[in-house]
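Participant: following is a predicted model, sequence given first.
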Amino acid sequence: MPVRRTSLARPVLEVAPSLLGMVLRRTTDEGTVAVRITEVEAYDGPNDPGSHAYRGQTARNAVMFGPPGFLYVYFTYGMHFCMNISAGPDGQPSAVLLRAGEVTEGLALARSRRGATPPAASTTVKTRRIADRDLARGPARLCVALGITRDANGADLLSRDSAIQLLPGTPFTGSPATGPRVGLREAADRPWRFWIPGEPSVSPYKPHVPKRR
DNA sequence: TGGGCGATTGGCT
DNA sequence: GCCAATCGCCCAC
């Protein structure tokens, strides 16, 4: 039974925890990597000062305003990509940030992608040894493990033809842990982060740090 | 039109 | 724990 678009058209605070335990699977020439989602955050456009959609629609955040089940990929800090799944009914700009997962398929490929020299260390050529739990631990790492870049923005996760698909996986039936979202300046008090308790792949919490000068 | 800053990460002290 | 890397977005000029 595939994931149904109507199940993603509900309010984002319901959709976000329901994604825990689901699987994201991407196949390319290089091979296949699949990740079981262990940590997410909800972003509720018009009511949420922490959301990219808070100040209205732009070219970047357009996918958030469309129908649910599509990939919203954005570029940040000049070097990282993060991925969201659009949620809520068409026209309502909400999305779920995928913050972490457990690699369940394509471990070698994920390891190879993550072991490549990161942009921030481009002056040194190094092969990094990375623990399995860290392969997709954090939103930008998750994108690297799956090979997601801006090209994937707007991809339909529920289409059979899509290179990247959202699959039911093994549903998480327990109670998700909740807490404030990571690294936000605005609306830092809203407990809209959800994760599977005890999962080693869940990223550590970090509060927003104002920039020094 | 320019500049401050971000849903981050990895390396180094 | 501290900090640099690096660039596109967006809003105040």
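Facilitator: Looks like it arrived, so ask away.
Participant: just checking, A:Val182 touches A:Lys206?
Facilitator: Yes: assessed by C-beta atoms under 8 Å, A:Val182 is found in contact with A:Lys206 at 5.6 Å. Bear in mind the C-beta positions are built from the backbone N, C-alpha and C, glycine included.
Participant: in terms of neighbours, single out the busier of those two.
Facilitator: For A:Val182 versus A:Lys206, neighbours defined as other C-beta atoms under 10 Å are more numerous around A:Val182 (19 against 8).
Participant: would you mind measuring from the more buried one to A:Tyr72?
Facilitator: 17 Å (C-beta to C-beta, to the nearest Å).
Participant: same check on A:Leu167?
Facilitator: Taking C-beta to C-beta, one finds A:Leu167 at 19 Å from A:Tyr72.
Participant: compare neighbour counts for those two and give me the winner.
Facilitator: A:Tyr72 (28 against 15).
Participant: quick one: strands adjacent to the helix or strand hosting A:Leu24?
Facilitator: Per DSSP states H and E, A:Leu24 falls inside strand A:23-28. Strand A:23-28 pairs in its sheet with strand A:31-44 (antiparallel), strand A:164-167 (antiparallel), by DSSP bridges.
Participant: is DNA strand C contacted by the helix or strand following the first one?
Facilitator: Proceeding C-terminally, strand A:31-44 gives way to helix A:62-65 as the next helix or strand, assigned by DSSP H and E. No: under the criterion of C-beta under 7 Å from any atom of the strand, helix A:62-65 makes no contact with DNA strand C; the nearest approach is 9.5 Å.
Participant: show me how far helix A:62-65 is from its chain's centre.
Facilitator: 15 Å (C-alpha atoms, centre = their mean, to the nearest Å).
Participant: may I see the buried residues of it?
Facilitator: When burial is assessed from 16 or more other C-beta atoms under 10 Å, helix A:62-65 yields the following buried residues: A:63-65.
Participant: pLDDT on it, on average?
Facilitator: Mean pLDDT, computed over helix A:62-65, is 98.
Participant: what's the answer for stretch A:140-156, then?
Facilitator: Rounded mean pLDDT across stretch A:140-156 is 98.
Participant: which ones are touching the residue nearest to A:Arg185 when sequence neighbours are not counted?
Facilitator: Leaving out its chain neighbours, the residue that sits closest to A:Arg185 by C-beta to C-beta, 6 or more residues apart in numbering is A:His208, at 4.5 Å. A:His208 sits next to A:183-185, A:188 when contact means C-beta atoms under 8 Å, 6 or more residues apart in numbering.
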